[in-house]
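Asker: below is the sequence, then the predicted model.
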Amino acid sequence: MVQANAGNPEKVICPCKCCKNLFYQHFDVMYGHLIINGMDPTYTTWVFHGEKSNTASLALQDVENLETYRMYRDAFFQDHNSVEPKNEDRENDYSNLYEGVEIPFYLGCTKYTRISTTVVLYKLKATYGISDNGFNELLDIIQDMLPHGNTLPNSCNAIKRLLKTFDLGYEKIHACVNDCCLFRNDLENFDTCPKCASLQWKVHERTKKIKKGIPAKNIGVEVYDGFTKSTFNLKAVLMWKINDLPAYGNLSGYPMKGEVACPVCGLSTCAKWLTYSRKFSYMGYRRFLAYNHPYWLKEAWFDGNKEHRPSPKILTGREVMCSIKNTLLLRHNLDLMHIEKNVCESILGTILHVKGKSKDELNSCKDLLNMGIRKDLHPELKENIY
């Protein structure tokens, strides 16, 4: 009965415990699976192997009308009556998918197949930006709700592997180096751009020889895809940078040293030059405390003055864009963990008096003496030597 209703003269859906009617196998392979693995205990009505079911909902001939089935046909076969794959290297994959398109979502389901369910769920993920981890949890929940023996892929990676086989390919179209036009349709055989007269083809820098067939504008690098046995143009986009504060200054163009080194305070940065340490010190941090904080009135603990100034106004996004217009095209983000590590390292180095890491050194004490604050930390002068 199985051979008579297989449809494919060479392969049949394997009902063993491992394959669970999801994969097509040769008859001898299926026979070995059944001997070694045993029959799937949930498969009691052999609807995939010719046995009639009371549920007329399993009429698989209706599956051909589904969009996913037509998508598969268009992707892998020359026409609907052909059974020859376009790419011989992927013949086995195409054959399995061609037959696998007709597998229902679960026993008794007529509205969805395994492929159509996969497409619908993955479209939901892409539309609402669901993360891979969140999508995996959603699949687990749906899997738990469905009857045993359903064909839902168990992870996001499994869905990606399944959909990757439906790659429809692409056509390379050359573009003008100045983005004036695309060399296609009536312009396909043009050697120069009709608007700016730029050459379509690359020119050798030394010999000035025109290299026909090599486009002048080529964004990306040629990469070989071992799965499709072809090359494609790989492109990358740098969207933002994450770095510590010194690197932020190097990359963004905003000075991280000097009198206006604070990107938040800007021109309102409180900077004081330390004569002996030969660097700027920034001591206006009390302005960011609550207005009734007791530190505002402490003089000796800080720079010898009471603090009455409010915190500086935070720039709006529009103000930031106006200040960096035409100079900064890339977003820069601060690596807070890296910055905290550096601050913590300086504090611990000072507390433990680690050589080369401590900020409590002679020049620092002389700066306190010069500023007239923290007398308990002033260096002692003995025989003209501190």
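Answerer: Perfect, thanks for sending it.
Asker: give me the distance between residue 129 and residue 135.
Answerer: 10 Å (CB to CB, to the nearest Å). Placement of C-beta: from N, CA and C, glycine included.
Asker: more neighbours, those two?
Answerer: residue 135 (18 against 7; other CB atoms under 10 Å).
Asker: give me the secondary structure label for residue 126.
Answerer: Residue 126 carries the three-state label helix when classified by DSSP: H, G, I helix; E, B strand; the rest coil.
Asker: pLDDT at it, what is it?
Answerer: The model reports residue 126 with a pLDDT of 86.
Asker: that one and residue 38, how far apart?
Answerer: Distance from residue 126 to residue 38, by CB to CB: 39 Å.
Asker: residue 314 too?
Answerer: Look at residue 314 and residue 38: by CB to CB, they are 68 Å apart.
Asker: and residue 359, that one's in a strand?
Answerer: No: Residue 359 is assigned coil when assessed by three-state DSSP, not a strand.
Asker: for residue 357, see how far away the closest residue to it other than its chain neighbours is.
Answerer: Excluding its sequence neighbours, the residue lying closest to residue 359 (CB to CB, 6 or more residues apart in numbering) is residue 350, at 4.7 Å. From residue 350 across to residue 357, the span is 8 Å (CB to CB).
Asker: quick one, phi psi at residue 201?
Answerer: phi -100, psi 160 (degrees, to the nearest 10).
Asker: make 40 the starting number, not 1.
Answerer: Taking 40 as the first residue, the last one we looked at is residue 240.
Asker: burial check on it, number of neighbours?
Answerer: For residue 240, using other CB under 10 Å, the count is 16.
Asker: do the same with residue 50
Answerer: 19.
Asker: hmm, residue 62 and it touching each other?
Answerer: No: using CB atoms under 8 Å as the test, residue 50 is too far from residue 62 to be in contact (9.3 Å).
Asker: now the nearest residue to residue 190 once chain neighbours are set aside: how far from residue 64?
Answerer: Leaving out its chain neighbours, the residue that sits closest to residue 190 by CB to CB, 6+ apart is residue 153, at 4.0 Å. Going from residue 153 to residue 64 by CB to CB gives 17 Å.
Asker: higher neighbour count, the two?
Answerer: residue 153 (22 against 19).
Asker: can you check the pLDDT for the more buried one?
Answerer: For residue 153, pLDDT reads 83.
Asker: I figured it hits residue 159, correct?
Answerer: No: with contact defined as CB under 8 Å, residue 153 and residue 159 do not form a contacting pair (11.3 Å).
Asker: where exactly do the strands run in this protein?
Answerer: 50-52, 63-65, 240-242, 249-254, 260-264, 269-273, 279-282, 310-313, 318-321, 370-373 (DSSP state E).
Asker: and residue 340, how far from residue 314?
Answerer: Residue 340 is 22 Å from residue 314, by CB to CB.
Asker: and residue 410, by the same measure?
Answerer: For residue 410, the distance to residue 314 equals 9 Å [CB to CB].
Asker: counting neighbours, go ahead and name the busier of these two.
Answerer: Higher neighbour count among residue 410 and residue 314: residue 410, with 15 against 11, using other CB under 10 Å.
Asker: any idea how far the more buried one lies from residue 327?
Answerer: Remark: distance between residue 410 and residue 327 (CB to CB) = 22 Å.
Asker: residue 255 now?
Answerer: 54 Å.
Asker: of these two, give the one with the bigger neighbour count.
Answerer: residue 255 (17 against 12).
Asker: so what's residue 373 bridging to?
Answerer: Counting by DSSP bridges, residue 373 is bridged to residue 282.
Asker: again with residue 313
Answerer: residue 318.
Asker: quick check, pLDDT for it.
Answerer: Reading off the model, residue 313 has pLDDT 91.
Asker: for residue 287, grab the count of nearby residues.
Answerer: Applying other CB under 10 Å, we find 20 residues neighbouring residue 287.
Asker: surely it and residue 373 touch.
Answerer: Yes: when contacts are counted by CB under 8 Å, residue 287 is listed as touching residue 373 (6.0 Å).
Asker: list residues touching both of the two?
Answerer: Here residue 287 and residue 373 have no joint contacts, going by CB atoms under 8 Å, 6 or more residues apart in numbering.
Asker: do you know how far residue 182 is from residue 54?
Answerer: From residue 182 to residue 54 the distance is 20 Å (CB to CB).
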